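1. Quick one: sequence plus predicted model below, questions after.
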Amino acid sequence: MSKKEHKPNKRKIDFLIISDVHLGTYGCHSKELLKYLNSIKPKVVVLNGDIIDMWQFSKRYWPKSHMQVIHKIMNWVNKGVKVYYITGNHDELLRKFAGFKMGSLVIDNKLIVELDEKKIWIFHGDVFDVTMQHSKWLAKLGSHGYDLLILINAFCNWVSVKLGRGKISLSKNIKNSVKKAVKFINDFEKTAADIAISNQYDYVICGHIHHPEIKNITTENGNVVYMNSGDWIENLTALEYHNKEWKLFRYNEEDFRLENHDEEDELSTLNNSEIFNKMLVGFMENNGKTEIKFKR
């Protein structure tokens with residue numbers, strides 16, 4: 001049987017939302033994300049902020065798997081998959097390009113779509129963060145501390161696995177045990193819901209707080225479905241819409257252990273420069289049918 005016949009079928013998804021990947025940081029689970037992206041076939045992709053961490057970006061740390069994630073996304077764009085890049089606080093430099101369109105790629109600060117007669121409001125969510133609005137330097141300092149915590153967590157997990165115990169998430173345990181953190185999440189969700197209800201949206205979808213969720217929120221003014229795509233640092237989650245149903249995907253290593261995708265094999269022998277050049281060639285091949293626009 002040929003290699004092509006061994007290729008696993010990709011799961012079809014109508015609408016995919018991922019956020020808070022934080023490419024360029026030590027905490028990013030890019031290899032796991034790549035396995036997931038290579039296992040699906042989405043029609044529309046929404047990158048809901050903090051995909052590339054420009055706050056902590058360093059030329060000294062950009063693993064090949066991080067470049068492969070970028071390659072995968074651009075490969076989708078080259079194939080005509082609609083990709084919306086919604087800006088977040090860690091990639092806020094892209095906000096000056098809001099309205100930029102290049103082929104099937106769109107950069108913007110928010111997205112309003114209608115799916116099966118349901119109105120959906122999608123944005124990153126940092127606009128609700130008081131720390132971001134008034135003390136950006138403090139938020140950045142906290143971000144560096146968070147990245148250090150992730151490094152410590154990685155070491156603890158290495159020791160824990162060697163001892164035959166399961167992995168733990170220090171940052172998640174700390175956030176879940178601190179009352180102020182729990183209150184912040186609840187306030188965040190309620191604020192998003194209140195504004196969505198006042199604007200008559202059926203769904204509101206955010207990222208930012210690294211807390212994956214799908215739930216109905218009812219107030220005296222109405223109700224809305226609140227969703228959060230989580231992250232690829234601690235939770236390894238995404239939101240999927242297929243057959244008129246939203247689901248929260250949670251990565252499980254066991255589900256991908258036996259899978260082998262040609263796309264991963266193809267890039268495994270290349271370095272970052274070669275992957276970038278390959279990505280550029282694919283981009284140039286589609287240049288004749290690519291239209292670039294800026295919002296006026």
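-> Nice, thanks for sending it over. Quantities reported herein were computed from a predicted structural model and do not represent experimental measurements.

2. list the helices and strands whatever helix or strand K35 lives in packs on?
-> For K35, the enclosing helix or strand under DSSP states H and E is helix 30-37. Packing partners of helix 30-37 (3 or more C-beta pairs under 8 Å, 6 or more residues apart in numbering; DSSP states H and E): helix 64-78, helix 253-256. Where you see a C-beta, it was placed from the backbone N, CA and C, and this is true even at glycine.

3. now for those helices, which one comes closest to L94?
-> Nearest to L94, of all these, is helix 64-78, at 13.7 Å by C-beta to C-beta.

4. buried residues in that closest one?
-> Across helix 64-78, burial judged by 16 or more other C-beta atoms under 10 Å covers 64-78.

5. Return the set of buried residues in the helix holding K35.
-> Buried residues in helix 30-37, counting neighbours by 16+ other C-beta under 10 Å, are found at 30-37.

6. got the contact list for it?
-> 18, 21, 23, 63, 65-66, 68-69, 72-73, 232, 236, 238, 249, 251, 253, 256, 259, 261, 264 (C-beta atoms under 8 Å, 6 or more residues apart in numbering).

7. Show the buried residues in those residues.
-> Buried among the contacts of helix 30-37 (16+ other C-beta under 10 Å): 18, 21, 23, 65-66, 68-69, 72-73, 232, 236, 238, 249, 251, 256, 261, 264.

8. Okay, P42 and G282: tell me how far apart.
-> 18 Å (C-beta to C-beta, to the nearest Å).

9. what about the two, which has more around it?
-> Of the pair P42 and G282, P42 is the one with more neighbours under other C-beta atoms under 10 Å, namely 24 against 15.

10. Now do the same for the more buried one: its pLDDT.
-> Note for P42: predicted pLDDT of 97.

11. Kindly report the same for N78.
-> For N78, the model assigns a pLDDT of 91.

12. just P212 next, same as before
-> Predicted confidence (pLDDT) for P212: 95.

13. again, but for the one 5 residues further on
-> The predicted local distance difference test score for I217 is 96.

14. That one belongs to a helix, doesn't it?
-> No - going by DSSP: H, G, I helix; E, B strand; the rest coil, the assignment for I217 is strand, not a helix.

15. V127 and T191, how far apart?
-> V127 is 9 Å from T191, where distance means C-beta to C-beta.

16. same question, S198
-> Here S198 is placed at a distance of 11 Å from T191 (C-beta to C-beta).

17. okay, these two: which has more neighbours?
-> Remark: of S198 and T191, T191 carries more neighbours, 15 against 12, as counted by other C-beta under 10 Å.

18. Over to the more buried one. Which of the three states is it?
-> helix.

19. That one touches F128, doesn't it?
-> Yes - T191 is within contact range of F128, at 5.2 Å (criterion: C-beta atoms under 8 Å).

20. Output the below-cut-off pLDDT ranges for the stretch 101-250 of the chain.
-> Within the stretch 101-250 of the chain, the stretches with pLDDT under 70 are 129-182.
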